[in-house]
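In: With the input below, show me the fold.
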Amino acid sequence: MATRRYGTIVRHLTEDPETAVELTRKLSDDVLDHLAAAISDETRRRAIEGGDPDAVIAEAFETAFGRDGLGSVPWIEKPYIVCPGAMVMRNQRNHTCRFVSVDDTWIWNSLNLLQEDKRSSPGPKGGFRAVALLPITEKLELDVVTGRQRGGGHQVDHVISYVVRRGKLVEVSQRTIKAPNSH
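Out: Predicted coordinates for the structure are as follows:
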């Protein structure tokens, strides 16, 4: 089989990114689906091979958790999206927590998850902290969900939503959820 040459195509796409838009409009749905999967797979491969996930996670455990014990909002540290999460126990029936949901799936169940490390929280209260890494994938949607459990019932208090646009994590909304029976 002859070696394929992509120089002209790559040059056009590099010099004028709108060429990619034109190209995708001319592709069939099947080819477009295949191309989208290939791009996602390549983004994931580059994130796995191009970074030092253990070092990024170690640094995040040092800097990403506030005095309340909860994780900060996610951030980009190329080639990853760094997503801290935590649960801080008050007692057996009460805790506060903050975790990330990725495209409406908890991060620990997400197919986008590259690596995650979970550690017990320091101090007498108990709970745990976690740091997860995702590839920087265009249009990936993240929700940072802060909640609490009191007396057996779990409640969401606040949600901050982000989307990846052109390699940046962009906040798109924030909402506070009022507890039932609150005024």
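
In: Chain neighbours aside, what residue packs nearest to residue 46?
Out: Distances taken as Cβ to Cβ, 6 or more residues apart in numbering place residue 79 nearest to residue 46, at 6.0 Å, with adjacent residues excluded. C-betas here are computed from N, CA, C, even on glycine.

In: Can you list the strands that the host helix or strand of residue 130 pairs with?
Out: Assignment of secondary structure by DSSP states H and E places residue 130 within strand 127-135. Paired strands of strand 127-135, with direction, are strand 80-91 (antiparallel), strand 115-120 (antiparallel) (DSSP bridges).

In: need those in a markdown table with mean neighbour count, can you?
Out: What follows is the strands paired with strand 127-135, written out as a markdown table (neighbours: other Cβ atoms under 10 Å):
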| stretch | mean neighbour count |
| --- | --- |
| strand 80-91 | 22 |
| strand 115-120 | 14 |
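
In: Tell me which of those strands sits nearest to residue 127.
Out: strand 80-91 (4.3 Å; Cβ to Cβ).

In: Tell me the helix or strand right after the closest one.
Out: Toward the C-terminus from strand 80-91 - assigned by DSSP H and E - lies strand 94-102.

In: Could you report the neighbour count for the nearest residue to residue 44 once chain neighbours are set aside?
Out: Setting aside the residues directly before and after it, residue 44 is nearest to residue 135 in space (Cβ to Cβ, 6+ apart), at 4.9 Å. Neighbour count of residue 135, defined by other Cβ atoms under 10 Å: 23.

In: isn't residue 135 right next to residue 51, touching?
Out: No. Between residue 135 and residue 51 there is no contact, the gap being 9.7 Å when judged by Cβ atoms under 8 Å.

In: shared neighbours of these two, anything?
Out: By the contact definition Cβ atoms under 8 Å, 6 or more residues apart in numbering, residue 135 and residue 51 are jointly contacted by 79, 80.

In: Which other helices and strands does the lowest-mean-pLDDT helix or strand in the chain contact?
Out: Among the helices and strands of the chain, helix 7-15 carries the lowest confidence by mean pLDDT, DSSP states H and E, at a mean of 82. When contacts are defined as 3 or more Cβ pairs under 8 Å, 6 or more residues apart in numbering; DSSP states H and E, helix 7-15 packs onto helix 18-25.
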